[in-house]
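In: Build me a model:
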Amino acid sequence: GMLRFLPTRSIVRAVRTATPVRSLACSGACSKKQDVIDTTMKILNAVRTGDWATYSEFCDSNITCFEPETMNYVAKGLGFHKFYFDIPSTGAAPYGSNVTLADAHVRLIGDAGAVICYTRLVQKPGADGSPVTVKSNETRVLELTGGKWRCVHFHRS
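Out: The predicted model follows:
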């Protein structure tokens, strides 16, 4: 299904719904900011479920990033990320069962650029089966091309 985002004490939660829902008062910049949040959630859910087709659709082929897996070097292009999608999965979502964006903030840059920063909370079963929450701080730079937002850079720590 589609995703709907409900602000709850500065937390943006993804809620599955049959159709996209937007506030009637949300237009222009508000609508663009929501589109950036929607695209970010599509990317994060693609990571969570191992969905390479969706991930590569919403990430630029020349994406750059800094993240713990890059060992403090800038990774360039999708090849670095494809490796992790190609690791065999047990069939369950490999990176958790729930993703929450906490304190999401979107800044639009001109007509075709945006920066989103947030704390990503991933809830998943731990090694012993009890619930575990993992936190990372992320910043993503997105570019609007061909009517679609695509991530061109991110930093995760």
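In: farthest residue from the center of this structure?
Out: Relative to the C-alpha centroid of the chain, counting by Cα atoms, centre = their mean, Asp128 is the outermost residue, at 27.3 Å.
In: Can you mark which positions in the lengthiest strand in the chain are buried?
Out: Determined from DSSP state E, the single longest strand within the chain is strand 131-145. Residues of strand 131-145 classed as buried: Glu138, Arg140, Val141, Leu142, Leu144 (neighbour count, 16 or more other Cβ atoms under 10 Å). (Glycine included, C-beta is placed from N, CA and C.)
In: In CSV, list the C-alpha atoms belonging to that strand.
Out: Extracted C-alpha coordinates of strand 131-145, given in CSV (Å, rounded to 0.1, in the frame of the first residue of the first chain):
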residue,chain,number,x,y,z
PRO,A,131,12.6,-6.1,20.6
VAL,A,132,15.6,-3.9,19.8
THR,A,133,15.6,-0.3,18.5
VAL,A,134,18.6,0.9,16.5
LYS,A,135,19.2,4.7,15.9
SER,A,136,21.1,6.5,13.3
ASN,A,137,21.2,10.2,12.3
GLU,A,138,20.9,10.8,8.6
THR,A,139,21.0,13.7,6.1
ARG,A,140,19.9,13.2,2.5
VAL,A,141,20.2,15.5,-0.5
LEU,A,142,17.5,15.0,-3.1
GLU,A,143,17.2,16.4,-6.7
LEU,A,144,13.9,16.7,-8.6
THR,A,145,14.5,15.3,-12.1
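In: could you point out which element follows it?
Out: Where DSSP states H and E defines the elements, the next helix or strand beyond strand 131-145 is strand 148-156.
In: What lies in contact with that following strand?
Out: Contact with strand 148-156 is made by 35-36, 39-40, 43, 58-60, 62-68, 114, 120, 136-144, as judged by Cβ atoms under 8 Å, 6 or more residues apart in numbering.
In: any chance you could map the strands in this structure?
Out: Per DSSP E, the chain carries strands over the ranges 2-8, 11-17, 59-66, 75-76, 98-109, 113-125, 131-145, 148-156.
In: Tabulate those in TSV, adding columns for mean pLDDT and distance to Ala29.
Out: Formatted as TSV, the strands of the chain follow (pLDDT from 0 to 100; distance: least, Cβ to Cβ, whole Å):
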stretch	mean pLDDT	distance to Ala29
strand 2-8	40	16
strand 11-17	39	17
strand 59-66	98	23
strand 75-76	97	31
strand 98-109	95	6
strand 113-125	95	10
strand 131-145	96	13
strand 148-156	98	14
